[in-house]
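Undergrad: I'd like to go over a predicted model; first the sequence, then the structure.
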2 protein chains.
Amino acid sequence: MRSPRPQAVATGNETPPLPGTRFQSTVSIHKLRRFNILILVFRFAAFCFSLAAAIFMLTNSKGSDLPRWQDFEAYRFVAVANSIVALYSLLEIGASIWEILRASTILPEIIQVWFDFGHDQVFAYVLLSANSAGATLARTLKETDTCTASNTFCMQSDISIALGFAGFLFIGISSLLSGFRVANFIINYSGFYL
Amino acid sequence: MRSPRPQAVATGNETPPLPGTRFQSTVSIHKLRRFNILILVFRFAAFCFSLAAAIFMLTNSKGSDLPRWQDFEAYRFVAVANSIVALYSLLEIGASIWEILRASTILPEIIQVWFDFGHDQVFAYVLLSANSAGATLARTLKETDTCTASNTFCMQSDISIALGFAGFLFIGISSLLSGFRVANFIINYSGFYL
């Protein structure tokens, strides 16, 4: 009799798993490892870009008489969103490394996959929203005296927003991958098939 | 010998399927039908909201001496994004109804699931981006003379953007559901498991 779970097929072991443990064939462990490494790469890219975007925006106030990022709501949104995504990505990098090294998740697997996917999805949307708002403000400011008074300010804001969009791209891809993990979890462990 | 494909398990039929046909147990057909009806509901909601948002924005030019939506880049983005999403949702409603009635997809299934998910994902991001841009412009305009000259213009833009955000919510949920269909397709038909 073949078990519908492919992990169990490869081990050839029919004993029900102990609570909290998982059957994993060598093939499946290797596949999961490769998948986790892929997620780690995208998380690292998201971390680098959003951290750079946050730093560029947070350091964008040159003097009291020149425009400062704090004065503009959309730029505050860009700074905060990129900082949150950088921090979250750093935590997720830690969780990914833990998972690759120990072959188990920090939280129970069901919570971990939903936590990762939920946060990825929400933060991807938040980051896109912040950067779109920032880009609109940057274009509006170009028509005003702000950019004439301090071209460096506008240039640095533009760079920050561009880096933020790159960060969004990578957290968006991470969200697709962690979404696939959630679906895989639902389909293989709850037996829900379409 | 049990087949790893649950659809085949329920039919008890081991003959390989003919090209273009699919094994579907009664349970699985009912489940797919319910899932498709759920997608249809969200697509219909996305269609209503994005159509309303597009109409509110497109009719937002009261006279030649008052501000018009065409004059603002972000509002043009809102109008175009909502129109595209409304049109796309209408097509997808048609495709969903076809699928519910005929129990088969219009395009070959692999193309259809990727087409739906890809477009849902991209249009959800585009709509969010457009509405965030529109919201930023709306806030900026409130500090200028534009809203003093024509309060109706600003009010109507705000309503359009709010409707657009609601549209985004529903296309975002559709994107999650169609993403689940893609993952289900990959896992069950290509045999790719984590």
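TA: Nice, I can see it.
Undergrad: pLDDT wise, what is the residue nearest to the spatial centre of chain A at?
TA: Geometric centre of chain A, nearest residue: A:I171, 3.5 Å, by CA atoms, centre = their mean. On the pLDDT scale, A:I171 is placed at 96.
Undergrad: What of the one 10 residues further on?
TA: Per-residue confidence for A:R181 comes out at a pLDDT of 91.
Undergrad: which residues touch A:L107?
TA: Going by CB atoms under 8 Å, 6 or more residues apart in numbering or on different chains, A:L107 touches A:F115. All C-beta atoms are positioned from the backbone trio N, CA, C, and that covers glycine.
Undergrad: do that again at 10 Å, thanks
TA: Contacts for A:L107 were tallied using CB atoms under 10 Å, 6 or more residues apart in numbering or on different chains; they are A:95, A:113-116.
Undergrad: what's the answer for A:V78, then?
TA: Neighbours of A:V78 in contact, by CB under 10 Å, 6+ apart: A:53-54, A:56-58, A:60, A:69, A:72, A:127, A:129-135, A:137-138, A:157, A:160-161, A:163-164.
Undergrad: Once you drop chain neighbours, what's closest to it?
TA: Leaving aside its chain neighbours, A:V78 sits nearest to A:G134 (4.1 Å; criterion: CB to CB, 6 or more residues apart in numbering or on different chains).
Undergrad: these two touch, right, the one you found and A:F168?
TA: No. Using CB atoms under 10 Å, A:G134 makes no contact with A:F168, being 11.4 Å away.
Undergrad: neighbour count winner among those two?
TA: A:G134 (32 against 29; other CB atoms under 10 Å in any protein chain shown).
Undergrad: For A:V80, which non-adjacent residue is closest in space?
TA: A:A130 (7.6 Å).
Undergrad: contacting residues for the residue in chain A positioned nearest to chain B?
TA: Using CB to the nearest CB, the single residue of chain A nearest to chain B is A:A183, 3.1 Å away. Residues near A:A183 by CB under 10 Å, 6+ apart: A:113, A:117, A:192, B:176, B:179-187.
Undergrad: Filter these down to the buried ones.
TA: The neighbour-count test (16 or more other CB atoms under 10 Å in any protein chain shown) marks A:113, A:117, B:176, B:179-187 as buried among the contacts of A:A183.
Undergrad: out of those residues, what pair is the most spread apart?
TA: For those, the farthest-apart pair by CB to CB is A:V113 and B:F185; their separation is 19.0 Å.
Undergrad: do stretch A:36-46 and chain B meet at all?
TA: Yes. Counting by CB under 10 Å from any CB of the partner chain, chain B is contacted by stretch A:36-46 at A:N36.
Undergrad: what sits up against that stretch?
TA: Counting by CB under 10 Å, 6+ apart, A:85-86, A:88-101, A:103, A:105, A:116, A:120, A:123-124, A:127, A:166-178, A:180-181, B:194 sit against stretch A:36-46.
Undergrad: Skip ahead from the worst-scoring helix or strand of chain A on mean pLDDT and say which helix or strand is next.
TA: Every helix and strand of chain A was ranked by mean pLDDT, DSSP states H and E. The lowest is helix A:6-11, at a mean of 41. Downstream of helix A:6-11, the first helix or strand assigned by DSSP states H and E is helix A:26-58.
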